[in-house]
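Chemist: Sequence below, structure please.
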Amino acid sequence: MTNDAVKLEPRVNAINVLCFIQNKYIRYIYNIFSMGELCLNSKYVKLTTLGALMIVSGVHIKMMTKFYDKEQQSYLGMASFLLGWVIIALATSKGRKSKMNLLSCISVVMGVMLIMKSREDKTETKLGPILFMVGWVSLGLGVVQHKKGMMYKLLGLLIPTMVLLSMVPNGIIPKQREEKMVDGPGYSLFVGGWALLIFLNSLNRH
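Modeler: Down below sits the predicted model:
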């Protein structure tokens, strides 16, 4: 075996592993979307979608208000945001014995409130981001608690991954706002996370 072959071997092994994971993942996604596996409860789809739309709309209304007047408080945006989280708490907790999702929603809202308060007071808070992140990770796992299998857990964890990458204090959306970027990837990740939450929360639920 030549030196060149020795140098390429780890790379080849890594590519083989990635190809194996990719093939397994694609096959599993295909199984999920096959007619035998896919069964969405329309009641949960509607309820979760309503909550998600109110939360996303609340964020947009608040940011638009701040854009035109930095001193103006957006009570409509905050009301839409909070009511949306109440609906999400109901949609993800209804029909489940565990109150994990309710506590997760409370944790996210408390985290947001602490982060907003720290920005207004121009102080730093570590508790706010921690509550926000823990709440989202817990919620991502909570919406798939009715499903068995590691892949569902990984799909559930993809929700907080997408949301946190976009919304944490040093995430993509805050950076976009600083750079005054309009069509960045931040909101695509944010809305994509919500779409996945709606899908998984409604999948095969009775």
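Chemist: going forward, measure contacts between C-alpha atoms and count neighbours the same way
Modeler: OK.
Chemist: buried ones in the host helix or strand of M116?
Modeler: Under DSSP states H and E, the secondary-structure element containing M116 is helix 100-121. Within helix 100-121, the residues that qualify as buried are 100-102, 104-112, 114-115, counting by 16 or more other C-alpha atoms under 10 Å.
Chemist: Show me where the chain has its helices.
Modeler: Counting by DSSP state H, the chain has these helices, from start to end: 3-32, 42-68, 75-93, 100-121, 127-142, 150-167, 172-179, 186-202.
Chemist: was I right about S57 contacting A79?
Modeler: No: the pair S57 and A79 does not pass the contact test of C-alpha atoms under 8 Å, sitting 10.4 Å apart.
Chemist: quick revisit: turn the helices of the chain into TSV, including mean pLDDT.
Modeler: Formatted as TSV, the helices of the chain follow (pLDDT from 0 to 100):
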stretch	mean pLDDT
helix 3-32	55
helix 42-68	87
helix 75-93	93
helix 100-121	91
helix 127-142	94
helix 150-167	90
helix 172-179	79
helix 186-202	90
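Chemist: Kindly report the domain assignment for this protein.
Modeler: According to automatic domain parsing, the chain comprises the domains 1-38, 39-202.
Chemist: I'd like to know how far N204 sits from W194.
Modeler: N204 is 18 Å from W194, where distance means C-alpha to C-alpha, to the nearest Å.
Chemist: ok, these two, which is more surrounded?
Modeler: W194 (23 against 14; other C-alpha atoms under 10 Å).
Chemist: which other helices and strands contact the helix holding M116?
Modeler: Helix 100-121 is packed against helix 75-93, helix 127-142, with contacts defined by 3 or more C-alpha pairs under 8 Å, 6 or more residues apart in numbering; DSSP states H and E.
Chemist: Please work out which residues outside stretch 180-196 touch it.
Modeler: By C-alpha atoms under 8 Å, 6 or more residues apart in numbering, the list of residues contacting stretch 180-196 from outside reads 52, 56, 158-163, 165-167, 172-173, 176.
Chemist: try 6 Å
Modeler: Around stretch 180-196, the neighbours that count as contacts under C-alpha atoms under 6 Å, 6 or more residues apart in numbering are I159, M162, V163, S166, I172, I173.
Chemist: again, but for stretch 156-163
Modeler: Outside stretch 156-163, the residues that touch it by C-alpha under 6 Å, 6+ apart are W136, V137, G140, L141, L189, F190, G193.
Chemist: From these, pick the one nearest K46.
Modeler: Proximity of the contacts of stretch 156-163 to K46 (C-alpha to C-alpha) peaks at G193, which lies at 16.5 Å.
Chemist: how close does the residue nearest to the closest one when sequence neighbours are not counted get to A79?
Modeler: The shortest distance from G193 to any residue other than its chain neighbours is 4.7 Å, reached at I159 (C-alpha to C-alpha, 6 or more residues apart in numbering). I159 sits 24 Å away from A79, taking C-alpha to C-alpha as the criterion.
Chemist: neighbour count winner among those two?
Modeler: Set I159 next to A79 and count neighbours by other C-alpha under 10 Å: I159 wins out with 25 against 13.
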